[in-house]
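> what follows is a predicted structure for the sequence shown.
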Amino acid sequence: MQATADSTKMDCVWSNWKSQAIDLLYWRDIKQTGIVFGSFLLLLFSLTQFSVVSVVAYLALAALSATISFRIYKSVLQAVQKTDEGHPFKAYLELEISLSQEQIQKYTDCLQLYVNSTLKELRRLFLVQDLVDSLKFAVLMWLLTYVGALFNGLTLLLMAVVSMFTLPVVYVKHQAQIDQYLGLVRTHINAVVAKIQAKIPGAKRHAE
């Protein structure tokens, strides 16, 4: 019963996190999304100028400076006002943040599922179980060689973050036009794949 309750609680937490992520990406709370988006950009721009160790150290120093200053301020204020409100971060210090054995097991099982699925898909592609899929994967890797020559990892990550916070909004505003163009592209790709499959002996036919 306890495991079931923990599982239900974790599902609720995951659903809540997913809902919050969607709200952020669709800018439903402009102020909150702006803070998160700006923080990501600042972090990534910092990583382009400094090493990871330096960025982590600076962030830790900034956080410690803020918390220590606030702690000293509250202590002085309590001394002047002769009050005993206790530690200013007491609520956060008493907050339960540890994971139960069931929660750890659940995360481990999910990770194992994703790893196994990825390994099976890579095996299928590299050992050419489906010739067309392996060719498409090869073309993708070939294109990525050009992407890698033009951009480094941080630049790609920066572009990914910007896309995450801009493309969903653009899609919502222009959904009809985008769906129309995507439909045309998908139809063209399916036609090309069908022609390739027809000319390659033994190529597996995919259902449209």
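That came through, no problem.

> can you read off the pLDDT for Thr145?
Predicted confidence (pLDDT) at Thr145: the value is 90.

> and what of Lys204?
The predicted local distance difference test score for Lys204 is 53.

> how about the one 3 residues further on?
The pLDDT attached to Ala207 in the predicted structure is 40.

> and what of Leu77?
Per-residue confidence (pLDDT) for Leu77: 87.

> residues near it, how many?
Leu77 sits with 12 neighbouring residues when counted by other CB atoms under 10 Å. Just so you know, the C-beta spots here come from the backbone N, C-alpha and C atoms, and that holds for glycine as well.

> same deal with the one 10 residues further on?
In terms of burial, His87 registers 12 neighbours under the definition other CB under 10 Å.

> tell me the secondary structure at His87.
Under the three-state scheme (DSSP: H, G, I helix; E, B strand; the rest coil), His87 adopts coil.

> who touches it in this structure?
Contacts were defined as CB atoms under 8 Å, 6 or more residues apart in numbering; by that measure His87 touches 71, 93.

> distance check, it against Leu25.
Relative to Leu25, His87 is positioned 36 Å away (criterion: CB to CB, to the nearest Å).

> most remote residue from the middle of the chain, which is it?
Seen from the C-alpha centroid of the chain, the residue lying at the greatest distance (CA atoms, centre = their mean) is Lys82, 47.4 Å away.

> where along the protein do the helices fall?
Under the criterion DSSP state H, helices of the chain are mapped to 2-25, 30-49, 52-81, 90-93, 101-126, 131-150, 153-173, 175-199.

> out of those helices, which gets the lowest mean score?
Note on these: helix 2-25 shows the lowest mean pLDDT, a mean of 64.

> burial of the closest residue to Gln78 other than its chain neighbours, as a residue count?
Computed as CB to CB, 6 or more residues apart in numbering, the closest residue to Gln78 that is not its neighbour in sequence is Glu85, at 5.8 Å. Counted with other CB under 10 Å, residues neighbouring Glu85 total 11.
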